[in-house]
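Chemist: what follows is a predicted structure for the sequence shown.
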Amino acid sequence: MALLRRGLSGEPVRILQEKLGVEADGIFGQATDAALRQYQQDNGLSADGIAGPDTFSSMGLYELVLLHRPIRGELVKRMQAALGVDADGVFGQGTEAAVKAYQEEHGIEVTGAVTPNMLAMLGFEEFTPEKIEASVITENTPIVDEAVQRSYAEQEQPPPDHDPGLVTKVTDAVGGAIHTVEDRAASIGKSIWGTVKSIF
């Protein structure tokens, strides 16, 4: 997954929210959706409320870029040109095969997905060491707690017998984004996209 849309939560959502100037709670809700659509409209992007590589590039959020099948767009086209394959802007089977061959040849984990680190290796200067470092989870990376996600989902779509006070108690109890040291340690070095979850 390398696209953000309403109903998702995680560190990439929080980074996007900070850039959009909305509450950075790591949960993609109505306010984030509206702010993203406005940004896209103001900047000549498809105002669909879905943030992908071209939106991230426009915002300078290169740490959030992750290219894989079946993503498409200008950044995919540039990556294809750098790999020397047909640059049609569509990440299909041929592009994936070329990516895997490049990864194997250069000692990168063969996943078929293109990370900021690989884009830097391909000569994309905007993918700086700082952006590459920001694209992975460290021990200080916040992860939205599942209890927070559940409470938010209840607020968005409350069942008929839902107790609004309970959501407040649960949210207050978990403090917004608490996770264990073990969870943190298990995530070190992985893509921040690993923190993204669906909450609806």
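Modeler: Sure, I can see it.
Chemist: from here on, just use CA atoms for contacts and neighbour counts.
Modeler: OK.
Chemist: enumerate every residue touching residue 37.
Modeler: 47-49 (C-alpha atoms under 8 Å, 6 or more residues apart in numbering).
Chemist: helix/strand/coil for it?
Modeler: helix (DSSP: H, G, I helix; E, B strand; the rest coil).
Chemist: follow-up on the earlier one: looking at the contacts of residue 37, which is nearest residue 192?
Modeler: Comparing these against residue 192 with C-alpha to C-alpha places residue 49 closest, at 20.5 Å.
Chemist: spatially nearest residue to the closest one (excluding sequence neighbours)?
Modeler: residue 37 (4.9 Å; C-alpha to C-alpha, 6 or more residues apart in numbering).
Chemist: ok, that neighbour to residue 103 distance?
Modeler: 35 Å (C-alpha to C-alpha, to the nearest Å).
Chemist: how close does the residue nearest to residue 49 get to residue 31?
Modeler: Distance from residue 37 to residue 31, by C-alpha to C-alpha: 10 Å.
Chemist: so who does residue 94 touch?
Modeler: residue 85.
Chemist: what mean pLDDT does the helix or strand harbouring it get?
Modeler: Element membership for residue 94, per DSSP states H and E: helix 93-105. Throughout helix 93-105, pLDDT has a mean value of 97.
Chemist: and for stretch 12-31?
Modeler: 96.
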